[in-house]
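1. Sequence and predicted structure, then a few things I'm wondering about:
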Amino acid sequence: PDVVHIKRASDIGALNKLQDKLLDAACAMLRPGGRLVYAVCSLLPAEGAARVDAALARLPLRLVPIPADGYGVPEAVTADGTLRTTPALWPGRGGMDGFFAASLERV
């Protein structure tokens, strides 16, 4: 991953604000019952779960749990139904990149 060479810790705040604006804009385009998948290639909770938690607090969205048996990587689905991969996942296959995804529905 090249992120350690092109990003600084000080970039996270501005990126979080941008991610929040993207979620706001996407939610505004959804009809009730419409689905949005929020996904980031990041290991940082501030860019993944924290963005979803903030969106759920301010937007008319609900979390739709991702089925653990639906995508071939059941160990990547968290207790709350989001998807989280890390380099430690599947070490025998070379690991996985850091990734977070959540399925959201407009209410």
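-> Received it, and whenever you're ready, just let me know what you need.

2. all contacts plus neighbour counts: C-alpha atoms, from now on.
-> Noted.

3. tell me the pLDDT at residue 3?
-> pLDDT for residue 3: 61.

4. Number the chain from 10, please
-> Sounds good: first residue 10 from here, last item residue 12.

5. just the helices in the chain please.
-> 12-15, 21-38, 58-67 (DSSP state H).

6. what separates stretch 45-57 from the chain centre, distance-wise?
-> Centroid displacement of stretch 45-57 relative to its chain, using Cα atoms, centre = their mean, to the nearest Å, is 3 Å.

7. which one is residue 84 nearest to, not counting chain neighbours?
-> Excluding its sequence neighbours, the residue lying closest to residue 84 (Cα to Cα, 6 or more residues apart in numbering) is residue 77, at 7.4 Å.

8. ok, now which ones touch residue 112?
-> 44, 45, 46, 47, 72, 73, 74, 75, 91 (Cα atoms under 8 Å, 6 or more residues apart in numbering).
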